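Asker: My questions concern the predicted model and sequence given below.
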Protein chains: 2
Amino acid sequence: MKIHRTAKSMARAMAALRARGETIGFVPTMGALHEGHLSLVHAAKRKASRVAVSIFVNPAQFGPKEDLAKYPRPWRRDVALLRAAGVDALYAPDPAATYPLGYETYVVQERLPDHLCGLSRPGHFRGVLTVVLKLFQVVQPHFAFFGQKDYQQSVVIRRMARDLDLQVAVRVCPIVREPDGLAMSSRNVYLDPEQRANAPALQRTLRGGAARIRAGERSPARLLAQMRREIDRVPGTAIDYLAAVDPDTLDDARTLQPPVVLALAVRFGATRLIDNLVVR
Amino acid sequence: MKIHRTAKSMARAMAALRARGETIGFVPTMGALHEGHLSLVHAAKRKASRVAVSIFVNPAQFGPKEDLAKYPRPWRRDVALLRAAGVDALYAPDPAATYPLGYETYVVQERLPDHLCGLSRPGHFRGVLTVVLKLFQVVQPHFAFFGQKDYQQSVVIRRMARDLDLQVAVRVCPIVREPDGLAMSSRNVYLDPEQRANAPALQRTLRGGAARIRAGERSPARLLAQMRREIDRVPGTAIDYLAAVDPDTLDDARTLQPPVVLALAVRFGATRLIDNLVVR
């Protein structure tokens, strides 16, 4: 596995692969890899002849009070995992070269960011869209793989790909969970033992909500109130949002007729966890 | 010359060229072609093995009170000119397919648009950046060619290419002028005979300003006041802006030490003309 530290080096290597007729599957990450990321790598290997991964903790998608500085960066472990998974190229650019002095160009969306995570993380999706576009330009992948855990992210990126005529097929892969149901996340390491023990309540609540929809519940207000009570019963939690939304527009569902996405963000102390479930 | 009406068809043709080892030179235009555009095509032919041109009157870069509807669209003449110039592929997408229902993704810049043309055309450069990025994704050119007449446009596009890691070399080509000095523009056809006769005053004023800088003038206020008086003497004109700016940041020059760009936009009745001159 070749490690590229500059856009120039990575772009040249990827262009050479394409020129040889290889197909490129790309998995952008912020490192601190877990089984969720590795499931994306495996999906990329199944789909493309070559797999590229990026590790870049993107400053542009963190708010001033968020966890950019303390975000985990287990570099050697990440590299070993990717090597063992059979990744061909790793792109790990320098933040200062990615956003040099005088940098001023961003990708924005007009409506999708004003929902769910975007409401409590202003500028977050501008940062995500911008870095993903930049990574796509360097890697020029045929396929790119994202996890459904960041549901809104998957929607904004698919929308960007369509709107901006990006020549990449965006694939969204299922959430990978711990045995007790907690969605894998690089931020799970922030949880103390009690928080960790309580965190599976998120998925339990989502599954309970989905079961009630399948049983015929059609009132978002009633369902969300009930789910909210379940989360509120978990000690030390604070709900950031809990919503039932349209899978494409992310607008609040007016009725719970499937398809509908149940999505939530909940703080356990200082740690904010997200999860979701698509009811079809 | 193959004419492509959809992004899919154009992207496939361009990918096939790249896969065969051809290099692609790209000239994006809004049609109503003149010698300025053709000089870009010739530059592209010198630099690349294949030349692609787009014709797209981009709604996203016109303000609500601007000339989108009446912008000239001499399609058959344009096609004949490009064919005669030896262009390989013409991309002429449909506006409704380029900005479909639900479209919401744009490329923006934080500082460069707040200068010169951007001040009197809010949203203009957002539209330019977005469409150029989209065209680049479809055409995937090795080189792209723009005219210096739209000086601010050339700066924002070069900045975008650098900021977003676009794998395309942006070339800016000299202004092509009528024999009497008027910069070629698709909008020159709007001028009535008297306006057309007066329009060369723009370049005369720019050249006079440049001569005074070369003779040692260092005061922007004094030079611009003098140039402003010269334009004001031309009947039926209204100055939109007249500025001496830094070639890269477009900030007003605090002293006229070269390099400096003299740039102006002047209305002749309803017709807004721009011109500029780089003093090195």
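Answerer: Cool, the structure landed.
Asker: pull the longest helix from chain A.
Answerer: helix A:124-139 (DSSP state H).
Asker: residues in contact with the host helix or strand of residue A:16?
Answerer: Following DSSP states H and E, one finds residue A:16 within helix A:7-19. Helix A:7-19 has contacts (CB atoms under 8 Å, 6 or more residues apart in numbering or on different chains) with A:2, A:4, A:24, A:50, A:52, A:88-89, A:91, A:93, A:97-98, A:134, A:137-141, B:18-19, B:21, B:165, B:167. All C-beta atoms are positioned from the backbone trio N, CA, C, and that covers glycine.
Asker: Please repeat the previous calculation with a cut-off of 10 Å.
Answerer: A:2-4, A:6, A:22-24, A:26, A:48-50, A:52, A:54, A:88-94, A:97-98, A:134-135, A:137-142, B:15, B:18-21, B:165-167 (CB atoms under 10 Å, 6 or more residues apart in numbering or on different chains).
Asker: Mean confidence (pLDDT) on it, please.
Answerer: Averaging pLDDT along helix A:7-19 yields 97.
Asker: so what strands line up beside the next helix or strand after it?
Answerer: Next helix or strand after helix A:7-19 toward the C-terminus (DSSP H and E): strand A:24-29. Looking at strand A:24-29 with DSSP bridges, its partner strands are strand A:50-55 (parallel), strand A:143-147 (parallel).
Asker: mind listing the strands for chain A?
Answerer: With DSSP state E applied, chain A shows strands at A:2-4, A:24-29, A:50-55, A:89-91, A:105-109, A:143-147, A:169-173, A:237-245, A:260-268, A:271-279, listed in chain order.
Asker: Give me the buried positions along the fourth one.
Answerer: Within strand A:89-91, the residues that qualify as buried are A:89, A:90, A:91, counting by 16 or more other CB atoms under 10 Å in any protein chain shown.
Asker: who touches the last one in this structure?
Answerer: To tie it back to what came earlier, the one meant is residue A:91. By CB under 10 Å, 6+ apart, the contact list for residue A:91 reads A:2-7, A:9-11, A:13-14, A:26, A:28, A:52-56, A:135, A:138-139.
Asker: where's it relative to chain B, distance?
Answerer: 11 Å (CB to the nearest CB, to the nearest Å).
Asker: partner residues bridging that residue?
Answerer: Here residue A:91, judged by DSSP bridges, has bridge partners residue A:4, residue A:54.
Asker: thinking again about what came up before, drop anything exposed from the contacts of residue A:91.
Answerer: A:4, A:7, A:9-11, A:13-14, A:26, A:28, A:52-56, A:135, A:138-139.
Asker: residue ranges of the helices in the stretch 51-200 of chain A, please?
Answerer: With DSSP state H, counting those that start in this stretch as the criterion, the stretch 51-200 of chain A has helices at A:75-84, A:95-98, A:116-120, A:124-139, A:151-163, A:193-198.
Asker: Just put those helices in a markdown table and tack on distance to chain B and mean pLDDT.
Answerer: Output for the helices of the stretch 51-200 of chain A, formatted as a markdown table (distance: least, CB to the nearest CB, whole Å; pLDDT from 0 to 100):
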| stretch | distance to chain B | mean pLDDT |
| --- | --- | --- |
| helix A:75-84 | 22 | 98 |
| helix A:95-98 | 8 | 98 |
| helix A:116-120 | 13 | 96 |
| helix A:124-139 | 4 | 98 |
| helix A:151-163 | 4 | 98 |
| helix A:193-198 | 37 | 98 |
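Asker: just those: most buried one?
Answerer: Of the helices of the stretch 51-200 of chain A, the one with the most neighbours on average (mean count of other CB atoms under 10 Å in any protein chain shown) is helix A:124-139, at a mean of 24.
Asker: quick one: it to strand A:169-173, angle?
Answerer: 120 degrees (axes from the mean of the first three to the mean of the last three CA atoms, to 10 degrees).
Asker: between helix A:124-139 and strand B:105-109, how many degrees?
Answerer: Interaxial angle, helix A:124-139 versus strand B:105-109 (the same axes, to 10 degrees): 90 degrees.
Asker: Just the angle for helix A:124-139 relative to helix B:151-163, thanks.
Answerer: Using the same axes, to 10 degrees: helix A:124-139 against helix B:151-163 is 80 degrees.
Asker: Please list all residues in contact with residue A:134.
Answerer: A:7, A:28, A:54, A:56, A:58, A:60, A:93, A:98-99, A:105, A:107, B:163-166.
Asker: Tell me how far it lies from residue B:88.
Answerer: From residue A:134 across to residue B:88, the span is 29 Å (CB to CB, to the nearest Å).
Asker: and what of residue A:31?
Answerer: 43 Å.
Asker: Output the strands paired with strand A:24-29 as CSV; include the columns mean pLDDT and distance to residue B:270.
Answerer: Converted to CSV, the strands paired with strand A:24-29 look like this (pLDDT from 0 to 100; distance: least, CB to CB, whole Å):
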stretch, mean pLDDT, distance to residue B:270
strand A:50-55, 98, 50
strand A:143-147, 98, 47
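Asker: Any regions of chain A where pLDDT drops low?
Answerer: Across chain A, nothing is flagged by pLDDT under 70.
Asker: the domain parsing of it - what is it?
Answerer: A:2-173, A:191-279 (automatic domain parsing).
Asker: Of these, flag the one that's most buried.
Answerer: domain A:2-173 (a mean of 19).
Asker: contacting residues for the residue lying closest to residue A:264 once chain neighbours are set aside?
Answerer: Spatially, and ignoring its direct neighbours in sequence, residue A:264 is nearest to residue A:242 (4.6 Å; CB to CB, 6 or more residues apart in numbering or on different chains). Counting by CB under 10 Å, 6+ apart, residue A:242 makes contact with A:202, A:205-206, A:209, A:223-225, A:227-228, A:230-231, A:262-266.
Asker: ok, now residue A:147?
Answerer: With CB under 10 Å, 6+ apart, residue A:147 has these contacts: A:27, A:29, A:36-37, A:39-40, A:43, A:153-154, A:172-176, A:183-185.
Asker: how near is it to chain B?
Answerer: The value you get for residue A:147 to chain B, if CB to the nearest CB is used, is 21 Å.
Asker: what do you get for residue A:26?
Answerer: 14 Å.
Asker: That residue reaches residue A:48, doesn't it?
Answerer: Yes - with contacts counted by CB atoms under 10 Å, residue A:26 reaches residue A:48, the gap being 8.3 Å.
Asker: Correct me if wrong: residue A:51 contacts residue A:37.
Answerer: No - between residue A:51 and residue A:37 there is no contact under CB under 10 Å: 11.9 Å.
Asker: Overlap of the contact sets of these two?
Answerer: A:27, A:82, A:85, A:145.
Asker: Which residues does the last one form beta bridges with?
Answerer: Per DSSP bridges, residues listed as beta-bridge partners of residue A:145: residue A:171.
Asker: same check, this time on the first one
Answerer: With DSSP bridges applied, the residues forming beta bridges to residue A:27 are residue A:53.
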